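Q: For reference, the sequence and a predicted model appear below.
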Amino acid sequence: MKKTQMLFLFAVPVAVSVVCLFAMGSVARNGAPVSVDLAAVSRGPLEERVSGAGCFVSPGARTVFFENGGAVLRVPVREGDRVRKGEVLLEFETRDCEEALLRASIGRRETASALRLKLADLRAAWVRAELARKQAERTFEGTQGLLAVQGATVQASLDSRDALASRQLDLDAARGELLAFCGLPAGAEPPADPSLDGEYIARDPGMEEAELGWAAAKRALGSCTVRSPSDGVVTALALSPGDRVQAGAAVARIEDLSTVVAEVNMDEVDVGKVEPGAPAEIASDSMIGQPLSGRVERIAPAVQTVGSARVVKVTLKLEKGGLAPLPGASCTARILSRLRGEVLKIPASSLVGSGGNPGTFPENGAGTAASVFVATEAGLEAGRRVFVARRVGVVTGASTINEYEVVSGLREGDLVVAGGLDSIRDGSRILPRNPVLPAESSGVGEAGP
């Protein structure tokens, strides 16, 4: 008995539900029209907006470094000041650099003097070797003359010949050393005139090293006065007189606020939808209620990983006019992406899908089959326009979140059901909940090929 009661209690609700569903379907087909939303098939560009987040930056921003390290002597500017290129930003103590320059100057002079003396010694050695060779040559020639009249022995002749050969070797060695010092080729004539000694000394590696040391010391002294590398605004400078700075430390930052751009990271999935020149809407928490306009200026050529996301950096050039954003402020951008030019398109909410279920959207891509309910006007009832919903197959193409391209199956101006799909079937009588086309424009008829 209890089992029979339980079955009865379970069967009654099921039966009631089935009857209600049947009644609703019957009413939808033959009873009162069902209220739905209608949308017209339109022609136009298929567009959507893709988003990215980032911050404002100044492309010409320059960070100023102090090479030497030392104590701050004077700070003639403050953060927020506008400066010109070459204007003094900071001055540092110069005593150490002045001493280093003095030592380098002394070293340079000493090196030049030592090289000048060396060159004089080499020239003198060459001259002495030349004289010794000539003397040996005369001795050899005299010995040969005496040998011819038997006034000298053969041994004396041989000795004079060997002496001449030895003096010739000495001359060649002295000549080679002088030419090498002057940087001249082996076959050149040795420079007897000292008027060009300055050029030869300047080319000596030792002198070049001394000159480099002196130039570095002079440059270090000059860098004790830190100047602005460009026109702009001082956006970072937190030093005071007496502060000590490490060598190579950043001491200031100069930015041109008139060239600020927005750099946003865009998901790699969306970046293919964006192209240079595309318009964008930019918003920032630092400028609430003051949206900015811009255009895509540059798309980075590589994907980078930020946290767990793979993104591409997109640079947006701001349109002139309005307030200038501050570099470093966060921002978000919505970039207009045009996927297609002039195409037929319908709302994504109007697609029934290949499985017949509302909201089962086809995949993006040309040649994808789906279906929609096309509304055909059936007349007036109680002063209201009534339509009949007919299910029609369509082929979709590209899509955005809100719209689909229609490749075939519909005509421009056709009315499709875009809301309330779950309450109708093929042949249902429907009433538009939203305003539709005027009577003369809504005779949409059957879907075109």
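A: Nice, thanks for sending it over.

Q: Leu146 should be in a helix, yeah?
A: Yes: under DSSP: H, G, I helix; E, B strand; the rest coil, Leu146 sits within a helix.

Q: What's the local residue count around it?
A: Using other CB atoms under 10 Å, the number of residues around Leu146 comes to 14. (C-beta placed from N, C-alpha, C; glycine too.)

Q: next one: Asp285
A: Neighbours around Asp285, by other CB under 10 Å: 9.

Q: just Ala120 next, same as before
A: Count around Ala120 with other CB under 10 Å applied: 12.

Q: element containing it?
A: Assigned by DSSP states H and E, Ala120 belongs to helix 95-148.

Q: go on, Leu212?
A: Judged by DSSP H and E, Leu212 forms part of helix 205-222.

Q: what packs against that helix?
A: helix 95-148, helix 197-202 (3 or more CB pairs under 8 Å, 6 or more residues apart in numbering; DSSP states H and E).

Q: ok, and what's touching that helix?
A: 67-68, 94, 97-98, 100-101, 103-105, 107-108, 111-112, 114-115, 201-202 (CB atoms under 8 Å, 6 or more residues apart in numbering).

Q: Stretch 106-122 now?
A: 174, 177-178, 181-182, 194, 197, 200-201, 204, 206-207, 209-211, 213-214.

Q: hmm, try it at 10 Å
A: 174-175, 177-182, 190-191, 194, 197-198, 200-202, 204, 206-215, 217 (CB atoms under 10 Å, 6 or more residues apart in numbering).

Q: And it, what's buried?
A: Arg108, Thr111, Ala112, Leu115, Arg116, Leu119, Leu122 (16 or more other CB atoms under 10 Å).

Q: I'd like to know how far the second one sits from Ile201.
A: Spelled out, that is Thr111. 9 Å (CB to CB, to the nearest Å).

Q: again with the first one
A: The gap separating Arg108 from Ile201 is 11 Å, by CB to CB.

Q: residues in contact with the nearest residue to Ala300 once chain neighbours are set aside?
A: With sequence-adjacent residues excluded and distances taken as CB to CB, 6 or more residues apart in numbering, Ala300 is closest to Lys313, at 4.2 Å. Neighbouring residues of Lys313 by CB under 10 Å, 6+ apart: 52, 54, 263-266, 271, 298-304, 306.

Q: Then Val127?
A: By CB under 10 Å, 6+ apart, the contact set of Val127 is Leu171, Ala174, Leu178, Pro190, Ala192.

Q: among these, which ones are buried?
A: Leu171, Ala174, Leu178, Pro190.

Q: Now the second one. Its backbone dihedrals?
A: Main-chain torsions, Ala174, degrees, to the nearest 10: phi -60, psi -40.

Q: my guess is it contacts Phe181, does it?
A: No: using CB atoms under 10 Å, Ala174 makes no contact with Phe181, being 11.0 Å away.

Q: what's the overlap in contacts for the two?
A: Leu122, Arg123.

Q: I'd like to know the average pLDDT value across the longest strand seen in the chain.
A: Using DSSP state E, we find that the single longest strand of the chain is strand 330-347. Confidence for strand 330-347, expressed as mean pLDDT, is 89.

Q: just stretch 387-406 next, same as before
A: Mean predicted confidence for stretch 387-406 is 90.

Q: What residues sit buried inside it?
A: Within stretch 387-406, judged by 16+ other CB under 10 Å, the buried ones are 387-392, 394-400, 403-406.

Q: Ok, stretch 410-421 next?
A: Residues of stretch 410-421 classed as buried: Leu410, Arg411, Gly413, Asp414, Leu415, Val416, Val417, Ala418, Gly419, Gly420, Leu421 (neighbour count, 16+ other CB under 10 Å).

Q: A helix includes Gly413, no?
A: No: Gly413: not assigned to a helix; according to three-state DSSP it is coil.

Q: Show me what counts as buried in the longest strand of the chain.
A: 331, 333-337, 339-340, 343-347.

Q: same check, this time on stretch 291-311
A: Leu292, Gly294, Val296, Glu297, Ile299, Val311.

Q: Tabulate these (TSV), appending distance to Gly145, secondary structure and pLDDT.
A: Putting the buried residues of stretch 291-311 into TSV (distance: CB to CB, whole Å; DSSP: H, G, I helix; E, B strand; the rest coil; pLDDT from 0 to 100) gives the following:
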residue	distance to Gly145	secondary structure	pLDDT
Leu292	106	strand	91
Gly294	102	strand	93
Val296	99	strand	95
Glu297	95	strand	95
Ile299	95	strand	95
Val311	99	strand	95
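
Q: Run the chain-centre distance for stretch 40-52.
A: 29 Å (CA atoms, centre = their mean, to the nearest Å).

Q: Output it as CSV, restricted to C-alpha atoms.
A: Only the C-alpha atoms of stretch 40-52 are listed here, as CSV (Å, rounded to 0.1, in the frame of the first residue of the first chain):
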residue,chain,number,x,y,z
ALA,A,40,16.9,43.0,-38.5
VAL,A,41,19.7,41.4,-40.6
SER,A,42,21.9,44.4,-41.3
ARG,A,43,24.9,45.1,-43.5
GLY,A,44,28.0,46.8,-42.2
PRO,A,45,31.4,46.2,-40.8
LEU,A,46,32.0,43.4,-38.4
GLU,A,47,33.7,45.1,-35.5
GLU,A,48,34.5,44.5,-31.8
ARG,A,49,36.6,46.0,-29.2
VAL,A,50,39.5,44.2,-27.6
SER,A,51,41.0,45.3,-24.3
GLY,A,52,44.4,45.6,-22.8
